[in-house]
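> what shape does this take:
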Amino acid sequence: MKRLTIKDIAQEFNVSISTVSKALNDSYEISVSTKEKIQKYAKENNYKPNFNALSLKNRKTKTIGIIIPNMLNYFFAQVFNGVEKVANERGYKIISCISNESFEKEVETIEMLSNGSIDGFILSLAEESVLKNDFSHFEEVMNNGTPIVMFDRVAESINCDKVITDDFKGASKAVKYLTKSGSKNIAFVSTISNLKVGKKRHQGYLKGLEKAGIAVNNNLIINILDEDYKNYENILTPIFDAHKIDAVIATDESSAIAAMKVGQRKGYKVPENFSVVCFSNGILARHSSPKMTTVSQHGEKMGETAAKLLINRLESTSEEKYEPKTVIIKTDLVERNSTKRA
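The predicted structure is shown next:
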């Protein structure tokens, strides 16, 4: 039988996790009637506090938990490298887990590792967690004294350190770069339209068109499900057949390469009359033919920054109230052979 958690009690009474925690600890901040109700329910349902988690502050493991959403995205591998580099330098070990974009897997992983196995988490949200908008599992862990640093995909409602990319500017700059070399019919291909990073890139694309005085053609805004990666070319082909396209900005490398292949099959010459730019700056972009111009998110730098934030927090001896930071990593355009020089 599943152990009753603070989160379960919070859901039962429709209150926050911190209210339950305070009620169970007999805090004066909570009304007597609420305290009595919560304490009675906890006792009747055999609630036992997670002493491992509660005692984490006093017992250091010198181990960090990393949770990444999927292993197919090279960007996350770059972030992992950055985290590992700093962790090694500072004498920390790493336990890495993959949520596979699943809310349940993310919750399970958090529960499994917050039993005293690790000192803190570095993580990027699973897509299902974003869609459910349920981040209470993070709140519970933080209330029990385990710090979290979120990167790339972050929950704004969670008061923790965050490391993000300037996705809006990255997309806007990519449009400007393409229009300077003569592109007018620029398609936007997104495999992450559900996520905030995807929305930011979409907004940046629209802003770039607006600045260039190009009207938005909604037929050229193409949203594909990430799990359809084997069918990207089949999905894009009829759109390319029906519309004039002379450039593509893609939110990831796989869909960018699919778009380039479809364009080449239609007889377009890359980069003479067809250009492609994608986000991330990974192995696929460097080894595609021709090599791909990318918006680099500096994954390794993002990982290094996240690890430094977490370890500095873990090793801080200051008694002052901790104020979370949000660090924005600037993007750069890495020019290769899939685009014309302006």
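> pick out the residue nearest the middle of this protein.
residue 153 (2.3 Å; CA atoms, centre = their mean).
> what sits against it?
69, 124-125, 130, 195-197 (CB atoms under 8 Å, 6 or more residues apart in numbering). Every C-beta, even on glycine, is put in place using the N, C-alpha and C of the backbone.
> which two among those residues are spaced furthest apart?
Largest separation among these by CB to CB: 69 and 196, giving 13.1 Å.
> same drill for the two, tell me which one is more crowded.
Taking other CB atoms under 10 Å, residue 69 and residue 196 do not tie; residue 69 has more neighbours (26 against 17).
> ok, the more buried one - contacts?
76, 98-101, 124-127, 153.
> can you redo the residues you listed as CSV with distance to residue 332 and secondary structure?
CSV is the format used below for the contacts of residue 69 (distance: CB to CB, whole Å; DSSP: H, G, I helix; E, B strand; the rest coil):
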residue, distance to residue 332, secondary structure
76, 19, helix
98, 28, strand
99, 28, coil
100, 30, coil
101, 28, coil
124, 21, coil
125, 25, coil
126, 28, coil
127, 26, helix
153, 21, coil
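> only whichever of those are buried, select them in ChimeraX.
Here is the ChimeraX command that selects the buried residues among the contacts of residue 69 (16 or more other CB atoms under 10 Å):
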select :76,98,99,101,124,125,126,127,153
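> tabulate the contacts of residue 69 (a markdown table), appending distance to residue 331 and pLDDT.
Converted to a markdown table, the contacts of residue 69 look like this (distance: CB to CB, whole Å; pLDDT from 0 to 100):
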| residue | distance to residue 331 | pLDDT |
| --- | --- | --- |
| 76 | 17 | 94 |
| 98 | 25 | 97 |
| 99 | 25 | 97 |
| 100 | 27 | 95 |
| 101 | 24 | 95 |
| 124 | 17 | 98 |
| 125 | 20 | 98 |
| 126 | 24 | 96 |
| 127 | 22 | 95 |
| 153 | 16 | 96 |
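> what's the closest of the contacts of residue 69 to residue 315?
residue 124 (23.3 Å).
> can you name the element that comes right after the one helix or strand in the chain whose mean pLDDT sits lowest?
None of the helices or strands of the chain scores lower by mean pLDDT, DSSP states H and E than helix 51-54, at a mean of 51. Later in the chain than helix 51-54, the nearest helix or strand by DSSP states H and E is strand 63-68.
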